[in-house]
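[1] show me the folded form of this:
(2 chains)
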Protein chains: 2
Amino acid sequence: MELEKFLAHNKRRMDERIFSVLPESHSDTDIDQFYRIMREYPTRKGKGVRGNLCLLSCGMFGAEPDLSLDTAAAIELFESWVLIHDDIEDGSDIRRGDVTLHLKYGIPLAINAGDSLHNRMWQILLRNRQTLGLDLTVRIGDEFLHMISQTTEGQHIELSWTENCRFDLSEGDYYSMCTRKTSWYTCISPLRLGAMIAGVDSRILDSMIEIGTNMGLAFQVQDDILNLVGDEKKYGKEILGDLREGKRTLALIHALKNSGKETRRQIETVMKKQRMDKTEEDIRLVLKAMKENGSIGYAREKAAWFARAAKERFDRVFADVPESDDKQRVKEIIDFVVSREK
Amino acid sequence: MELEKFLAHNKRRMDERIFSVLPESHSDTDIDQFYRIMREYPTRKGKGVRGNLCLLSCGMFGAEPDLSLDTAAAIELFESWVLIHDDIEDGSDIRRGDVTLHLKYGIPLAINAGDSLHNRMWQILLRNRQTLGLDLTVRIGDEFLHMISQTTEGQHIELSWTENCRFDLSEGDYYSMCTRKTSWYTCISPLRLGAMIAGVDSRILDSMIEIGTNMGLAFQVQDDILNLVGDEKKYGKEILGDLREGKRTLALIHALKNSGKETRRQIETVMKKQRMDKTEEDIRLVLKAMKENGSIGYAREKAAWFARAAKERFDRVFADVPESDDKQRVKEIIDFVVSREK
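    Residues are numbered from 1 along each chain as shown, chains lettered A, B, ... in the order given. Okay, here's the model as predicted:
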């Protein structure tokens, strides 16, 4: 609980930075609507885990965390624009407890608002030069380039699995996709960016990759689980949305692998259907196969395993980094990633 | 003809820079497809007017044009990602002589590919530091921020006119929307960026706004005309696409204003229909009203007027800039903007 308060406190501070680049109103009604749409996802409740990781990493390596506040805000703003586009790509209905932007305003305006937020993200990043100087500002930009390159690559892989009706997927394929889609922007880059601003050397930055990969995988697998068995009110997204959208999750891959030939065929038939053609019975069939094969329990074990692996590596690699509240909180976040209900 | 060869030559040189940040292939078949999709619009034939304007502006102010080659390439890459998203937003079928990206690969993969190209655009822009130094690199970034902010704002206005069934639009509304949607990224920023790299003062940069606004309006109005009466093979987009997509163009606004009450009502009824519900007869009705009111001729006159205004201002403001091939070519491009058939 204490951690969640801490996260929420920093989230508000990051939001201030975000809203400083998002105009509130305009005398022209069309432009005014545009500004309102742009502010919508950033206004909705989010946890701010990613930006917080950046702030904590900066503090843990001995720098004033606020030096990384704009960068942390840019990470959060990245999530906003990427979620707008993701929600269209996945055909999602609910985001952060409200209907998705494209359902509210149509796909055209939503795509365009996402692009504009992408642009505002760079506005915050270039503003960094006022406090961090030109060289560090551009190196932070480089990290964002790499992070976005990984995220879009991961997103393409996941979308193409659904598009191309792929079922011949291994756990390894899944982790490799999630590392790109989730780990980089959720954990690796936030940790690296904070540390970079604190001026650590490249050896430490490199070590963040393995820690952040494991942590990100724990985060994604937990997210998959919440999507199956979570409380929609807390979770803020549609429960069972992944199944309806045809996503290849760890539990699905596990159920496919461990089901008999007939059940496997039935699951594949359901998962090949378009969202609107899937019946409640279809969804129940897949869920039943997951339950019979212990696929959700298996996913829980894996999430816990990845979180443990992240923490062990963290303790080992950063044994020499002085203990501090910030250092302690990064570890608490690793636990939170798998204990969270939202 | 000589000008078109010149444009095409530089286009090839900008393309080289673009393709240096777009990987050709990957051993993973999914990622390989992703790379192929990303290369698709940049590979298709374009004129490269925008990037060329940047190169010429740089040369005209006495600097080596190649100093602006990466920036010019980034302008062209901007167009590619923006067109991918535009084509989805407008529901367009044809782009640069081939089917649009989302018709070929589906909306989800196309949105994501556009986002990834947006990212690669920043990769080129940050690479500028190797030749231009950090300070100029970041100031070029600032210009892109402003340019994209204008473009997305203009795009929102145009989309919301269709979405909200707006017909009470004046010529002034149209020009104000086009200045944002077209003039900034087509003329103002390309001219400013080239001049900025050549090291001109802010007074000259400011003067580019009026010149580029007029030039961009000439460009957009000519584009509207080609959309109505052009040769599809040369134009590379669907003829009459604007009417089918419900766009408010100058000729439409003119026809609405000058038609009798009954015709006006008929036009509005047609324009309110969804693309797929519009019949050939619907389209003929609107075209007929445009022809009867001389709306296309009116648009031609306006395009010529804006081009003349741009050239007069250009001659006046840059009277002291030594005559050169590059300076001459900028003026030729102003003529080309309204004489072009594609």
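
[2] I figured A:Met208 hits A:Leu191, correct?
    Yes: with contacts counted by CB atoms under 8 Å, A:Met208 reaches A:Leu191, the gap being 4.5 Å. C-betas here are computed from N, CA, C, even on glycine.

[3] surely A:Glu323 is in a strand?
    No: judged by DSSP: H, G, I helix; E, B strand; the rest coil, A:Glu323 forms no part of a strand; its state is coil.

[4] any weak-confidence spans in the stretch 1-150 of chain A?
    A:1 (pLDDT under 70).

[5] what parts of it come near chain B?
    The stretch 1-150 of chain A comes close to chain B at residues A:28, A:30-31, A:33-34, A:37, A:82, A:85, A:88-90, A:106-109, A:111-116, A:118-120, A:122-123, A:126, A:129, A:134-135, A:137-138, A:141-142, A:144-145, A:148-149, as judged by CB under 8 Å from any CB of the partner chain.

[6] who's in contact with A:Arg44?
    A:95-98 (CB atoms under 8 Å, 6 or more residues apart in numbering or on different chains).

[7] try A:Glu232
    Contacts of A:Glu232 (CB under 8 Å, 6+ apart): A:94, A:238-239.

[8] filter the residues you listed to the buried ones?
    A:94, A:238-239 (16 or more other CB atoms under 10 Å in any protein chain shown).

[9] adding secondary structure and distance to A:Arg13, write these out as TSV.
    Listed next are these as TSV, based on DSSP: H, G, I helix; E, B strand; the rest coil; distance: CB to CB, whole Å:
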residue	secondary structure	distance to A:Arg13
A:Ile94	strand	27
A:Glu238	coil	30
A:Ile239	coil	31
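
[10] just curious, which of those is nearest to A:Glu76?
    Using CB to CB, A:Ile94 is the member of the buried ones among the contacts of A:Glu232 that sits closest to A:Glu76, with 19.7 Å.

[11] my read: that closest one touches A:Lys237, true?
    Yes: assessed by CB under 8 Å, A:Ile94 is found in contact with A:Lys237 at 5.4 Å.

[12] I'd like the distance from the host helix or strand of A:Gly194 to the chain centre, please.
    For A:Gly194, the host element (DSSP states H and E) is helix A:189-197. Distance, stretch centre to chain centre, for helix A:189-197: 16 Å (CA atoms, centre = their mean, to the nearest Å).

[13] what do you get for stretch A:194-213?
    So, by CA atoms, centre = their mean, the centroid of stretch A:194-213 is 19 Å from its chain's centroid.

[14] regarding that stretch, how distant is the last residue from the first?
    With CA to CA, to the nearest Å as the measure, the ends of stretch A:194-213 fall 16 Å from one another.

[15] show me which residues of it are buried.
    Neighbour-count burial for stretch A:194-213 [16+ other CB under 10 Å]: A:194-198, A:200, A:204-205, A:207-209, A:211-213.

[16] which residues of the stretch 151-300 of chain A lie near chain B?
    A:152-153, A:155-157, A:159-161, A:163.

[17] got JSON lines for those residues, with secondary structure too?
    As requested, these are exported to JSON lines (three-state DSSP):
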{"residue": "A:Thr152", "secondary structure": "helix"}
{"residue": "A:Glu153", "secondary structure": "helix"}
{"residue": "A:Gln155", "secondary structure": "helix"}
{"residue": "A:His156", "secondary structure": "helix"}
{"residue": "A:Ile157", "secondary structure": "helix"}
{"residue": "A:Leu159", "secondary structure": "helix"}
{"residue": "A:Ser160", "secondary structure": "helix"}
{"residue": "A:Trp161", "secondary structure": "helix"}
{"residue": "A:Glu163", "secondary structure": "helix"}
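
[18] closest to B:Ser68 out of those residues?
    Using CB to CB, these come closest to B:Ser68 at A:Thr152, 27.4 Å.

[19] number of residues surrounding that closest one?
    As a burial measure, A:Thr152 scores 26 neighbours (other CB atoms under 10 Å in any protein chain shown).

[20] and the helix or strand where A:Ile88 lies with helix B:69-90, angle?
    Assigned by DSSP H and E, A:Ile88 belongs to helix A:69-90. Orientation of helix A:69-90 against helix B:69-90 (axes from the mean of the first three to the mean of the last three CA atoms, to 10 degrees) gives an angle of 40 degrees.

[21] okay, now the sheet partners of whatever helix or strand comes next after helix A:69-90, with direction.
    The helix or strand immediately downstream of helix A:69-90 is strand A:94-95, counting by DSSP H and E. Note on strand A:94-95: by DSSP bridges, its sheet partners are strand A:98-99 (antiparallel).

[22] before we move on, the earlier item: dump the residues of the stretch 151-300 of chain A next to chain B to a markdown table, plus distance to A:Ser295.
    What follows is those, written out as a markdown table (distance: CB to CB, whole Å):
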| residue | distance to A:Ser295 |
| --- | --- |
| A:Thr152 | 29 |
| A:Glu153 | 27 |
| A:Gln155 | 24 |
| A:His156 | 26 |
| A:Ile157 | 21 |
| A:Leu159 | 23 |
| A:Ser160 | 23 |
| A:Trp161 | 17 |
| A:Glu163 | 23 |
